[in-house]
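>>> this one's structure only:
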Ligand SMILES: Cc1cc2nc3c(=O)[nH]c(=O)nc-3n(C[C@H](O)[C@H](O)[C@H](O)COP(=O)(O)OP(=O)(O)OC[C@H]3O[C@@H](n4cnc5c(N)ncnc54)[C@H](O)[C@@H]3O)c2cc1C
């Protein structure tokens, strides 16, 4: 019987969505008799651990320590030490984290401490025929190809999962029976005196839904020609209840904050619909949106690379297309 350990995240004392998504991902590799457990770390994890007990897992390892406030974000020493100690004791075969700032930093550090393998930003995972081995799929070459990786014999197999790839079904059900046992795990000795600690959290200024969580993302690139058009894109995004993204060229030009950048060196998104205006579709940009279910591209160049990736495309000037599109959306939504 193998143990699959999920690493949930806590923000402001509340469990984030990633825990439920990891629980769904774990179902892909859990065999009969395998156990799925979730680790919840915080300075005061009681409420989040209760929420985690509602996931489809059998055990919640609740780890409390002042250095784990808000998951230890910014000071990754404490969660890394706590998880390494938990893994050393419980010997999981697989450890899954979200490909979030937290998971992308903590995952590889934990794998390094334990001397085991690590795969970042996985979009699929499967059980292998060999006992307790998993295979993970992740984008490579800037998202232009997918590669399947297998871990060597050493456990745990540590991977981060791209957010929103494993989604709840149409009913929105992500929960289990709610009967998971909550077990306190004392990691104080392992954490000791962390070498780094969190001094301050400065919240990123963002309006509405987070890019990583958005169902609809509206993005603009260099083809917009300046900062003002982003206000129009923001209006469209608001109408559709979405989030505003951008290419690096637009961010580097200072037209919009880098917090909106999508791509290899920006954010990874997995919306249902990704609508781009004046973006050429460079591989580094596409690396961040390969999880989008449908890409809609508006570009005046019919040979733009983005049309190779887009499900729907309009060849034309962004402003004309946006005006027509906005009018139709307003008519349909009555806003
Ligand atoms: C290591 C590295 C990492 C990188 N990371 C990222 C990243 O994370 N994210 C990212 O986005 N880029 C990244 N880049 C940059 C990337 O290579 C491209 O330079 C960038 O994505 C181009 O942005 P763009 O599509 O907005 O601009 P351009 O490539 O200049 O494209 C502008 C497009 O607008 C169209 N256009 C012009 N006028 C109009 C109009 N009036 N109406 C409609 N369409 C119009 C043009 O036909 C063109 O296709 C990275 C590069 C490197 C080397």
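Arrived safely, thanks for sending. Only a predicted model underlies this, so the values are computations on that prediction, with no experimental measurement involved. Residues are numbered from 1 along each chain as shown.

>>> and the stretch 151-300 of the chain, which residues reach the ligand?
Contact residues (CB under 6 Å from any ligand atom) of the stretch 151-300 of the chain with the ligand: 221-223, 247-250, 261-266, 278-280, 282, 284-285, 288, 298-300. For every residue, glycine as well, the C-beta is placed using N, CA and C.

>>> So which of those sit within strands?
Residues of those located in strands (DSSP state E): 298-299.

>>> Show the buried residues in the residues of the stretch 151-300 of the chain next to the ligand.
Buried positions within these, assessed by neighbour count (16 or more other CB atoms under 10 Å), are 221-223, 247-250, 261-264, 266, 278-280, 282, 285, 288, 298-299.

>>> show me where pLDDT drops low in the stretch 101-250 of the chain?
Across the stretch 101-250 of the chain, residues meeting the criterion (pLDDT under 70) sit at 130-131, 142-143, 168-178, 197, 204-207.

>>> Strands of that one, residue ranges please.
Assigned strands in the stretch 101-250 of the chain, in chain order: 118-122, 124-127, 134-140, 145-150, 157-161, 181-184, 216-220, 243-246 (criterion: DSSP state E, counting those that start in this stretch).

>>> Now do the longest helix seen in the chain, average pLDDT.
Ranked by residue count and defined by DSSP state H, the top helix of the chain is helix 318-333. Per-residue pLDDT values across helix 318-333 average out to 94.

>>> Name the nearest residue to the residue most central in space within the chain, ignoring sequence neighbours.
For the chain, the residue nearest the mean C-alpha position is residue 163 (2.9 Å; CA atoms, centre = their mean). Distances taken as CB to CB, 6 or more residues apart in numbering place residue 212 nearest to residue 163, at 5.2 Å, with adjacent residues excluded.

>>> give the contact list for the one you found.
Neighbouring residues of residue 212 by CB atoms under 8 Å, 6 or more residues apart in numbering: 100, 163-164, 267-269.

>>> Please tell me how far the residue nearest to the centre of the chain sits from residue 222.
27 Å (CB to CB, to the nearest Å).

>>> Just the ones of the residues of the stretch 151-300 of the chain next to the ligand in helices?
248-250, 284-285.

>>> from these, which two are the most distant?
Distances among these were taken as CB to CB; the most separated pair is 250 and 284, at 13.4 Å.

>>> What is the neighbour count of residue 203?
By other CB atoms under 10 Å, the residues close to residue 203 number 5.

>>> how close does it get to residue 267?
Residue 203 is 16 Å from residue 267, by CB to CB.

>>> repeat for residue 222
The value you get for residue 222 to residue 267, if CB to CB is used, is 18 Å.

>>> With residue 86 instead?
Residue 86 sits 29 Å away from residue 267, going by CB to CB.

>>> correct me, but residue 148 touches residue 135?
Yes - judged on CB atoms under 8 Å, residue 148 makes contact with residue 135 at a distance of 5.3 Å.

>>> Show me which of those two is the more surrounded one.
Just comparing residue 148 and residue 135: by other CB under 10 Å the higher neighbour count belongs to residue 135, 18 against 12.

>>> residue contacts, the more buried one?
When the contact criterion is CB under 8 Å, 6+ apart, the partners of residue 135 are 125-126, 128, 148-150.

>>> partners of it in the sheet?
With DSSP bridges as the criterion, residue 135 is bridged to residue 126, residue 150.

>>> Give me the buried stretch members for the helix or strand containing residue 87, please.
Using DSSP states H and E, residue 87 maps to helix 77-90. For helix 77-90, burial by neighbour count (16+ other CB under 10 Å) applies to 77-87, 90.

>>> List just the nearest of these to residue 116.
Of all the buried residues of helix 77-90, residue 116 sits closest to residue 87, with 8.8 Å by CB to CB.

>>> Residue 242 versus the closest one, what's the distance?
Residue 87 is 38 Å from residue 242, where distance means CB to CB.

>>> Buried subset of the contacts of residue 212, written for ChimeraX?
To isolate the buried members of these in ChimeraX, using 16+ other CB under 10 Å:
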select :100,163,164,267,268,269
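
>>> Which of the contacts of residue 212 sits closest to residue 216?
Nearest to residue 216 out of those is residue 269 (CB to CB; 10.3 Å).

>>> Would you mind measuring from the residue nearest to residue 155 when sequence neighbours are not counted to the ligand?
Leaving out its chain neighbours, the residue that sits closest to residue 155 by CB to CB, 6+ apart is residue 93, at 5.1 Å. According to CB to the nearest ligand atom, to the nearest Å, residue 93 and the ligand sit 34 Å apart.

>>> try residue 295
Where the ligand is concerned, residue 295 sits at a distance of 13 Å (CB to the nearest ligand atom).

>>> residues touching that residue, list them.
For residue 295, the contact set (CB under 8 Å, 6+ apart) comprises 274-276, 289, 306, 309-312.
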